[in-house]
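Peer 1: Return atomic coordinates for the entry below.
(one chain, ligands or ions: 1)
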Amino acid sequence: MYQKGRAWIELDRKNLASNLEQLKALLPEGCTVMPAVKANAYGHGAVLIGKALQDMGIQDFCVASVREAAELREAGITGQILVLGYTSPQEFSELSYYNLTQTVVDFPYAKQLQAYGRPLAVHVGVDTGMNRLGERSENIENICRIWELKHLKVTGVFSHFCVADGASEGEKIYTHGQITKFDSVIRQLKEKGISGFKTHIQGSYGILNYPELRYDYVRPGIALCGVLSSPEDKTVSAAHLKPVLSLKARIACVKQLHAGEKAGYGQTYTAEKERKTAVVSIGYADGIPRELSNRGQVLVNGYRAPMIGRICMDQLLIDVSEIPHVSPGDEAVLIGKCGAEQITAGELARMVGTISNEILSRLGGRLERITAGMNDY
Ligand SMILES: *Cc1c(COP(=O)(O)O)cnc(C)c1O
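Peer 2: The predicted model follows:
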């Protein structure tokens with residue numbers, strides 16, 4: 001695969017297809033996958049991932065913002081695009097221009113959408129206990145009144161789990177409580193003669209840990225990327241997920257450090273003895289957490305090379321003393337496989353005390369993004 005830049009992301013289309021099939025196999029008949037491709041598809045590249053999924057038969061998507069939705073529409077995504085987050089009244093015209101579906105974040109917001117004065121497609125968010133977006137599930141009167149707002153075309157009703165990833169008894173009980181509240185809202189709407197809407201509540205962990213649920217859509221994000229939020233998570237369904245993303249950068253220069261010499265900003269690294277170091281063309285502005293300074297590793301020629309000194313905005317330093325034949329122009333792997341070695345997003349996440357989702361979604365806009373396995377479809 002030809003790649004010319006300083007730092008880039010490679011997307012494995014085969015693995016994306018495989019993850020999609022793995023998840024589909026867990027779903028009940030008739031349930032539709034509506035991938036969450038917010039935050040540039042978790043850093044992978046929303047247009048590349050969206051188009052690849054569309055080619056694989058996916059029609060519906062969800063994103064966090066109207067701008068993310070517009071980008072997908074402009075790129076040729078034709079199905080339903082649900083904006084999961086808040087859209088300000090100043091942006092309501094974009095919703096109709098791009099034919100998007102907006103989340104009703106609560107009842108007052110529904111009235112603001114109505115006041116726009118033109119037809120808008122919406123999904124009603126129901127808060128079943130996360131206490132984030134959505135009208136509270138017990139406010140059934142307000143929820144029903146959304147259907148009286150004549151400019152709103154309600155095509156869906158949804159909620160969101162907050163501890164579906166948890167394996168403890170308490171977390172399972174809480175999630176079942178959320179399901180009960182959601183089902184109760186749906187039942188009460190139907191009793192009032194309100195119908196014609198789709199339902200959804202599961203993200204990745206909702207699918208993996210509650211495969212018995214039967215709603216119309218699921219909204220997987222991180223699982224489609226082929227990783228778990230935390231690699232040590234135990235899930236009820238064992239899906240064989242494969243990472244879609246690899247992160248690589250070019251070695252810019254290789255040099256010799258003498259015993260006692262220091263390297264990088266703040267001189268936080270000192271060569272104990274004669275060392276061979278390399279400069280890798282990627283930094284914290286590309287999404288490499290600065291906390292990995294003097295702690296992280298990269299793969300070069302199938303070996304692990306430790307990061308040395310502070311990570312810079314655009315570059316970082318590694319010790320390649322133990323690695324034969326390292327030359328400028330060689331590839332360094334920050335996330336992905338190299339020979340028998342592999343570094344996962346989860347490994348980086350664990351080192352800096354976060355989840356893979358954060359590591360991936362922060363990968364920078366200036367990275368080139370390319371797709372491998374194009375010819376396999
Ligand atoms: C981000 C998000 C998702 C996807 O979550 P994953 O855990 O990555 O699958 C689904 N639904 C909502 C409302 C979200 O905000």
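
Peer 1: Where does the protein get nearest to the ligand, residue-wise?
Peer 2: With CB to the nearest ligand atom as the measure, residue 221 is the residue of the chain nearest to the ligand, at 2.7 Å. Heads up, the C-betas are built off the backbone N, CA and C, glycines and all.

Peer 1: Report the secondary structure state of that residue.
Peer 2: coil (DSSP: H, G, I helix; E, B strand; the rest coil).

Peer 1: Go through the protein and flag its longest helix.
Peer 2: helix 169-191 (DSSP state H).

Peer 1: Could I get the average pLDDT for it?
Peer 2: Averaged over helix 169-191, pLDDT sits at 98.

Peer 1: same deal with stretch 305-322?
Peer 2: Mean predicted confidence for stretch 305-322 is 98.

Peer 1: repeat for stretch 211-229
Peer 2: Mean predicted confidence for stretch 211-229 is 98.

Peer 1: quick one: the strands in the stretch 1-150 of the chain?
Peer 2: With DSSP state E, counting those that start in this stretch as the criterion, the stretch 1-150 of the chain has strands at 7-12, 32-33, 61-63, 81-83, 101-104, 120-127, 135-136.

Peer 1: Between the ones you listed, which one is closest to residue 54.
Peer 2: Ranking the strands of the stretch 1-150 of the chain by proximity to residue 54 (CB to CB) places strand 61-63 first, at 8.5 Å.

Peer 1: Any part of the closest one near the ligand?
Peer 2: No: using CB under 6 Å from any ligand atom, strand 61-63 stays clear of the ligand, coming no nearer than 6.6 Å.

Peer 1: returning to that earlier point: next, format the strands of the stretch 1-150 of the chain as TSV and append mean pLDDT and mean neighbour count.
Peer 2: Listed next are these as TSV, based on pLDDT from 0 to 100; neighbours: other CB atoms under 10 Å:
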stretch	mean pLDDT	mean neighbour count
strand 7-12	97	22
strand 32-33	98	19
strand 61-63	98	27
strand 81-83	98	26
strand 101-104	98	25
strand 120-127	98	24
strand 135-136	98	20
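
Peer 1: Select, out of those, the one closest to residue 175.
Peer 2: strand 120-127 (14.4 Å).

Peer 1: Parallel or antiparallel, which strands does that closest one pair with?
Peer 2: strand 101-104 (parallel), strand 135-136 (parallel), strand 152-158 (parallel) (DSSP bridges).

Peer 1: In a markdown table, list the ones you listed along with distance to the ligand.
Peer 2: Listed next are the strands paired with strand 120-127 as a markdown table, based on distance: least, CB to the nearest ligand atom, whole Å:
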| stretch | distance to the ligand |
| --- | --- |
| strand 101-104 | 8 |
| strand 135-136 | 15 |
| strand 152-158 | 8 |
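
Peer 1: any low-confidence regions in the stretch 1-150 of the chain?
Peer 2: 1-3 (pLDDT under 70).
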